[in-house]
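> model this:
(one chain, ligands or ions: 1)
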Amino acid sequence: MRQQFPGPALFSLVFDLNPEKRIPKRRVSTFPRRCSVVCLILSGVQHGFNLRPDGIGRRCCLNVLVGCTFLAPMSQVFPAEDDVNKHVDDNCSLMYLNEATLLNNVRVRYNKDHIYTYVANILIAVNPYYDVPGLYGPDAIKQYQGKSLGTLSPHVYAIADKAYRDMKVLKMSQSIIVSGESGAGKTENTKFVLRYLTTTYGSGQDIDERIVEANPLLEAFGNAKTVRNNNSSRFGKFVEIHFNEKNAVVGGFVSHYLLEKSRICVQSNDERNYHIFYRLCAGASEELKQKLHLDSPDSFRYLNRGCTRFFASLDSDKQIMQNRKSPEHLKVGALKDPLLDDKGDFNRMCVAMKRIGLDDTEKLDLFRVVAGVLHLGNVGFEETGSSSGGCILKNQSSQTLQYCAELLGLDQDDLRVSLTTRVMLTTAGGAKGTVIKVPLKVEQANNARDALAKAVYSRLFDHVVKRVNQCFPFKDSSNFIGVLDIAGFGNKTRSRLARSFPPNQIYTPEQELYQKEGLGVNEVHYVDNQDCIDLVEAKMVGVLDILDEENRLPQPSDQHFTVAVHSQHKDHFRLTVPRKSKLAVHRNLRDDEGFIIRHFAGAVCYETTRFVEKNNDALHMSLESLVCESKDKFVQELFENSNSTKDSKQKSGKLGFISVGNKFKMQLNLLLEKLRSTGSSFIRCVKPNLKMVSHQFEGALILSQLQCSGMVSVLDLMQGGFPSRAPFHALYNMYKQYMPDKLTRLNPRLFCKALFKALGLNDNDFKFGLTRVFFRPGKFAEFDQIMKSDPDHLAELLKKVNTWLVCSCWKKVQWCSLSVIKLRNKMSYRALACIKIQKTVRMWLCRRKHKPRIDGMVKVKNLKKHMEQFNEVVNGLKEGKPEMARQVQELATAIDTLLAKIKATLTITWKEIDTEYQGLVKRSEQLLTSMQKKKQEEGRAREAEKN
Ligand SMILES: Nc1ncnc2c1ncn2[C@@H]1O[C@H](COP(=O)(O)OP(=O)(O)OP(=O)(O)O)[C@@H](O)[C@H]1O
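Reported below is the predicted structural model:
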């Protein structure tokens, strides 16, 4: 038996074709869910493809070409296109919109180096991991200028141009949201957008170049090698390109979010600290190296716990001096990436610095602080061994302390004291206001040192961004196009952003519009993630607020915080304990060591160790005042604003609390606010494989990214909906000038209807709402045809419109007369039917009302019939005949009375009738008995007389 599916006998099946994981021949296997997946389209008949549902219809067997049988859940088998190799620019032009056809379309295109695909007006960009020839060159830039989306093949330039044109036409700022997981190509695509806008719509000043030039600098300080991406941005950024009234580029502005600070002090095995540290070590001139007391990366604690190799090509590796390379680098060789080269990048960064206006002093300032942070990391502590319980600097740290103090403009002794003690002001008692120095334990001193390093570096990064912003100032900005690179944001942020963006951003207004326009389209179910956002952000009870609360306790602890989270959200669907994780590594965590949050993109286990510490951005007062009063003007300026923001608690010497979580929440809200006030376009970057190589398409990985990014939900929405639309009046106005007077009298809606009919569009492809016409996916072409018709074509169209109107008028007249006849027939039929109904109902009501009396009458009348028998018996009597006759007569009268009573009393009940009837029956039985007795007695007397 074949399973009944809507559509043709073709289905796409998403299944494993990875050679290592291929399922043995002829083994019935359960459909593999999460493994390397490709999308195959199989034809039922031609390819021996056999689809059989199981007994209960939830699964089906698929005998496929590769010789194995798959048992697949019905929900995972989708109708597909006829042609396996067909690919389209806009996925919405496919006949079947589902995850399998989307994946297949992206796959076929990727194999042909078409890395971009639209899903409606969202751009999917698959990272090619190599330079696709001619894809981004000057010719391509020129080609896309001023072209509508969909005219040329999908491209990041087309999205940039659309944003520009929208800005121009709607006089409204625009944003382009670039998202995707680490290594998916967000930064690269952001760069392409910026380059396109500044090249195409630049004002000819070098501002355009400066905006692009700023990137190497930002990347040096904010990017790092991670296991997922060699050049991973560890901060989120929103780059605005500002345009004047004439829509020419006038300047730019970069806002940055959440630099990953923990990386400054520690990195995992295969990862590195920020590029700048290595670039400085590899690229600094000998003189600079001496000045900054630099060495190979392995000699710095902030670098040597991660990967210490440089990025270098064969040539550049030779140029790096041996004494600058770590033993690891010497042993294994350089890290290879075509786009990264620490020594070369250092030089390029220096050039970029110059171009954006940083002079040599400023450049040196930046490098000095970077080196200062490195040396600070090398300061180590050991216990004093005295009863005070404090710690002192390790012997070998004196030199490094000296370097650090020198580079950051601090006094060596002050730095030593500030790192090992904490200053407190007494706030009560007689000695109120006295300064006390509290010694720190080794652990506390380590924390203080790391906190200082993070504070210095993150302020340095703020300064870099500020400095970059200064080099493209602008005065007369009318609008901007902002490109948001959602990097560095965790799952939490993505959940938050996801609620604001597709499919959510598309879904809600879309459904509302359909309803408002009376389209009668079925609702598409979409899982909202507001509950997840609330779990993290809600006031008082959200995870962030619970963490802040913990930080305010006299003795905050990670365990106490974790327990508080679990007890606050005991039965929350989104939150659970680590032991319920699917991964063994998480199951080893105790309940007070972490929690799992089910984000929209999947469950994430948060290990809460050091959460409390990480949530606090505050520095010990002694350290902060130390850097604030640095002799080095540059370092002093970095901390310039911090004095004014300190609260009184911190001034008293207690380590205050500045919530990182709240700062982040505020930043995010500001960003969302900004995004909501602009029009938006979306680019979804996709990572094709984990190996970061070209020409390798890992289906499962890609599918899950498409699902997580909401692309599949967008497809569902589009499949069930009408993604393109045009208001009636817009179409009407467009053609009004060509219309004869007779037609201008038509209302816009009727005119559009005539137009669509004249064009011969299929009725299923569009729907008329109250104010606009809606199109099915993939019907852009026909729509465009109407929009772009030239005058000749228009005149022809109008003729058709006219004909259609006449025809439709004639049809309407026919329809009206037929309707009137039909109506008349219907009315008379209904009148007759009404009478019938009335008659029947009345009868029924009457019966219901009189039935007890009628039944009673029948019974009593039957009783009366017996009276003749009585009379016969009476007549046969000799003695006492008159008496008996009287009694019989009385009985007959009683029966008649009852009959008359039943007849006359409408309200008499069945019970009353029955009681009286039973009385008469009894009476008649008694009478009959006594008459029979009498007759017997008479018979006996007669016998006796005879004898
Ligand atoms: N369009 C492209 N053409 C060629 N190579 C690309 C393209 N996009 C990305 N890449 C390659 O992929 C690498 C990772 O891309 P990118 O740094 O843009 O990822 P990302 O999404 O910004 O990652 P993260 O979030 O970690 O910063 C790049 O260094 C580059 O080698």
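> for whichever residue of the stretch 201-350 of the chain sits closest to the ligand, what are its contacts?
The stretch 201-350 of the chain approaches the ligand most closely through Ser232 (2.9 Å), counting by Cβ to the nearest ligand atom. In this view, the C-beta of every residue, glycine as well, is placed from N, C-alpha and C. By Cβ atoms under 8 Å, 6 or more residues apart in numbering, the contact set of Ser232 is Ser182, Gly183, Asn223, Ala224, Lys225, Thr226, Ala487.
> Show the pLDDT at the closest residue to Asp113 other than its chain neighbours.
Excluding the flanking residues, the one nearest Asp113 by Cβ to Cβ, 6 or more residues apart in numbering is Val132, at 5.2 Å. As predicted, Val132 sits at a pLDDT of 93.
> quick one: secondary structure of Val132?
Three-state call for Val132 (DSSP: H, G, I helix; E, B strand; the rest coil): coil.
> CA atoms only: put stretch 686-696 into PDB for me.
Output of stretch 686-696 as PDB, limited to C-alpha atoms (Å, rounded to 0.1, in the frame of the first residue of the first chain):
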ATOM      1  CA  VAL A 686      25.500  29.300   7.600                       C
ATOM      2  CA  LYS A 687      28.500  27.200   8.400                       C
ATOM      3  CA  PRO A 688      28.800  24.300   6.000                       C
ATOM      4  CA  ASN A 689      31.100  22.100   8.000                       C
ATOM      5  CA  LEU A 690      33.000  21.900  11.300                       C
ATOM      6  CA  LYS A 691      36.300  21.400   9.600                       C
ATOM      7  CA  MET A 692      36.200  24.900   8.200                       C
ATOM      8  CA  VAL A 693      37.100  23.700   4.700                       C
ATOM      9  CA  SER A 694      35.700  24.500   1.300                       C
ATOM     10  CA  HIS A 695      33.400  22.200  -0.700                       C
ATOM     11  CA  GLN A 696      32.100  20.100   2.100                       C
END
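> just to revisit the earlier point, mind checking how far the residue nearest to Asp113 is from Ala140?
Val132 is 10 Å from Ala140, where distance means Cβ to Cβ, to the nearest Å.
> Those two: who's more crowded?
The neighbour count for Val132 versus Ala140, taken as other Cβ atoms under 10 Å, is higher for Ala140 (16 against 13).
> Can you tell me, leaving aside adjacent residues, what's nearest to the residue of the stretch 551-700 of the chain found nearest the ligand?
Proximity of the stretch 551-700 of the chain to the ligand (Cβ to the nearest ligand atom) peaks at Cys685, 5.5 Å away. Nearest residue to Cys685 in three dimensions, chain neighbours excluded: Gly180, at 3.0 Å (Cβ to Cβ, 6+ apart).
> Okay, the one you found and Pro154: tell me how far apart.
According to Cβ to Cβ, Gly180 and Pro154 sit 16 Å apart.
> What parts of the protein come near the ligand?
Residues of the chain found near the ligand (Cβ under 6 Å from any ligand atom) are 127-131, 180, 182-188, 229, 231-233, 339, 487, 685.
> Keep only those of those that are in strands.
Ser232, Ser233, Cys685 (DSSP state E).
> can you put those residues in a markdown table and add distance to Phe611 and pLDDT?
Converted to a markdown table, those look like this (distance: Cβ to Cβ, whole Å; pLDDT from 0 to 100):
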| residue | distance to Phe611 | pLDDT |
| --- | --- | --- |
| Ser232 | 23 | 91 |
| Ser233 | 24 | 90 |
| Cys685 | 30 | 93 |
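> Just the closest of those to Glu549, please.
Nearest to Glu549 among these: Ser233, at 32.0 Å, using Cβ to Cβ.
> Now for that closest one, how many residues are close by?
Residue crowding around Ser233 was assessed by other Cβ under 10 Å; the count is 24.
> Repeat that for the one 4 residues further on.
Here the number of neighbours of Lys237 (other Cβ under 10 Å) works out to 23.
> where does it land in three-state SS?
strand.
> isn't it right up against Gly252?
No: using Cβ atoms under 8 Å, Lys237 makes no contact with Gly252, being 11.5 Å away.
> Check what pLDDT the nearest residue to Arg467 once chain neighbours are set aside gets.
Spatial nearest neighbour of Arg467, excluding adjacent residues (Cβ to Cβ, 6+ apart): Leu358 at 6.6 Å. For Leu358, the pLDDT comes out at 88.
> what's the helix or strand for Leu358?
Using DSSP states H and E, Leu358 is not contained in any helix or strand.
> That one contacts Gln470, doesn't it?
No: when contacts are counted by Cβ under 8 Å, Leu358 is not listed as touching Gln470 (9.7 Å).
> Compare these two and say which is more crowded by neighbours.
Leu358 (21 against 11).
> What separation do you get for the more buried one and the ligand?
Distance, Leu358 to the ligand, by Cβ to the nearest ligand atom, to the nearest Å: 24 Å.
> Now for Asn244: which residues touch it?
For Asn244, the contacting residues are Ser203, Val250, Asp476, Ser477, Ser478, by Cβ under 8 Å, 6+ apart.
> For the protein, which helix or strand comes out least confident on mean pLDDT?
None of the helices or strands of the chain scores lower by mean pLDDT, DSSP states H and E than strand 37-43, at a mean of 34.
> In three-state terms, label the closest residue to the residue of the stretch 201-350 of the chain closest to the ligand other than its chain neighbours for me.
Sequence neighbours aside, Thr226 is the residue nearest to Ser232 in space, at 4.3 Å (criterion: Cβ to Cβ, 6+ apart). Applying three-state DSSP to Thr226 yields a three-state assignment of coil.
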